[in-house]
Structure formats: structure tokens, C-alpha cells
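> here is a sequence together with a model predicted from it:
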Amino acid sequence: MTDLSADLIQQKRKLRERLRFRRRHFAANLDGMARLAAFRVLPEPLSALLADHGVIGAYVALGDEPDILPMFADLGEAGALALPHHAGRIAEMSFRRWRPGESLEKGPWGTQQPGDDAPLATPGLIFCPLVGFDRRGGRIGQGGGHYDRYFAAHPDALRIGIGWSVQEIDATPRESTDVALDAIWTEQEFILCGDRL
């Protein structure tokens with residue numbers, strides 16, 4: 001008998017390798033200006049949403065992930081921006097407030113994050129990086145499950161995935177712990193995945 005969980009884990013691992021390769025080469029072939037301009041203008045549905053949510057969750061781009069932080073410069077000045085924070089190499093992830101210009105520290109998973117003394121925050125709208133996605137809101141992440149656990153604990157938060165168009169696949173393999181996205185934003189389009197937006 002085949003262990004379905006082990007099969008899914010293996011399937012996701014292979015997908016991550018392929019999708020990271022696609023992402024890396026796509027981003028490397030963008031000229032600097034195109035890469036900077038890709039996520040600077042909010043799609044229409046998001047403009048109104050930003051005004052409706054007190055705290056916006058974003059992320060610090062790692063490697064060839066799309067960098068969305070410059071878009072939130074004004075929002076951050078108002079103190080309404082929060083970034084993921086890991087207290088250690090543990091399963092739980094929180095969000096802590098951050099403003100452009102404030103220092104960041106290297107977290108236990110190698111990502112840049114606010115310091116341990118930054119105030120905790122609970123975003124009502126969360127932008128998260130993608131390794132892969134499908135049009136039904138399926139998401140392939142880094143594999144640690146941090147965002148899925150956070151989404152499950154905060155089901156009312158709207159979830160917007162950020163990725164390059166080449167990261168799209170027909171269908172993502174899903175486990176019971178995977179939480180679907182409400183929308184996906186690429187350099188080419190804004191894709192609604194459910195009825196919450």
C-alpha cells in the first residue's frame with residue numbers, strides 16, 4: 001500500500017525544485033527596471049482593501065521573489081505594516097510591526113525580520129510569497145507550513161499570494177493542512193480565487 005502523505009510530500013518537493021528553477025531564470029532575465037516596476041501599481045480591487053484593513057502583512061523578498069515592500073512605503077509610515085517573525089526554528093510564525101527605514105534582523109530561517117522587541121500585530125490582509133500556485137488558490141510555499149498554520153489560526157485574514165506568472169501550474173497537490181488563497185497577483189494579472197474579495 002502506498003503512503004499518500006509521503007507521495008504528496010515527494011510530489012511537492014519535486015514541484016518546488018522545478019518552480020524555483022523557473023522563478024530563478026525568469027527573474028534573472030528581467031531587466032532591473034522591469035523587475036522594480038512589476039509590483040508598483042496596485043490592482044483595482046486591492047486599492048480599496050488596503051484602506052479597509054488596519055494592519056497589512058507583507059514580507060521581505062528573498063532571492064528572486066518579487067519585492068513588494070517599496071509599494072507600501074506610505075502605509076509603513078502610518079505604522080500599519082507588519083512582517084513575518086520567527087522566534088526560533090519553530091513551527092509558529094507571528095507578525096510584528098515594521099516601518100520602512102527601521103532595521104531588520106536575520107531570522108532563524110535566513111529571512112530578514114523585525115526585531116524581537118517590535119510590537120506584535122495581527123494583519124487583516126496578508127501578502128505572501130509563492131513558490132507555485134494554481135487558479136483555484138492552491139499555493140506551494142517553501143515547505144515549512146508557517147503560512148498555512150498562520151492562516152488556519154487567523155481565518156478571517158484575506159490571503160493574497162505574490163509570484164511571477166511562470167510559477168503557475170494547473171493544479172497544486174493539496175494536503176488537509178493547506179489553506180487556499182483568496183487571490184494571486186503576478187506581474188501580468190490579478191487572479192481572484194474565491195468570493196471573499
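Looks like it came in fine.
> and the strands in this protein?
56-57, 81-85, 94-97, 105-106, 112-113, 120-121, 125-129, 132-133, 139-140, 158-162, 183-185, 190-192 (DSSP state E).
> for residue 45, find the nearest of those strands.
strand 190-192 (6.6 Å; CB to CB). C-beta: built from backbone N, CA, C; applies to glycine.
> quick one: residues in contact with the closest one.
43-46, 135, 182-185 (CB atoms under 8 Å, 6 or more residues apart in numbering).
> just those now: which is nearest residue 62?
For the contacts of strand 190-192, the nearest to residue 62 is residue 185 (17.5 Å; CB to CB).
> so, low pLDDT: which residues of the chain?
The model of the chain has pLDDT under 70 over residues 1-4, 36, 74-79.
> residue 65 touches residue 128, doesn't it?
No: here residue 65 does not reach residue 128: they are 10.1 Å apart, not a contact under CB atoms under 8 Å.
> ok, and the closest non-adjacent residue to the residue nearest the centre of the chain?
With distances taken as CA atoms, centre = their mean, residue 128 lies nearest the centre of the chain, 1.2 Å away. Among residues not flanking residue 128 along the chain, residue 147 sits closest, at 5.1 Å (CB to CB, 6 or more residues apart in numbering).
> for the one you found, what are its contacts?
Per CB under 8 Å, 6+ apart, neighbours of residue 147: 93, 126, 128, 139, 141, 179.
> ok, which pair from the residues you listed is furthest apart?
The largest separation in the contacts of residue 147, counting by CB to CB, is between 93 and 139 at 14.9 Å.
> name the residue in the two with the higher neighbour count.
residue 139 (25 against 20; other CB atoms under 10 Å).
> and residue 14, how many neighbours?
11.
> same thing with residue 191?
Neighbours around residue 191, by other CB under 10 Å: 20.
> cool, the one 3 residues further on as well?
When neighbours are counted by other CB under 10 Å, residue 194 registers 13.
> hmm, it is touching residue 180, no?
Yes: with contact defined as CB under 8 Å, residue 194 counts as touching residue 180 (6.8 Å).
> common neighbours of those two, please.
With CB under 8 Å, 6+ apart, residue 194 and residue 180 have common neighbours residue 137.
> can you tell me the closest non-neighbouring residue to residue 185?
Residue 185 sits nearest to residue 162 (CB to CB, 6+ apart), 5.5 Å away.
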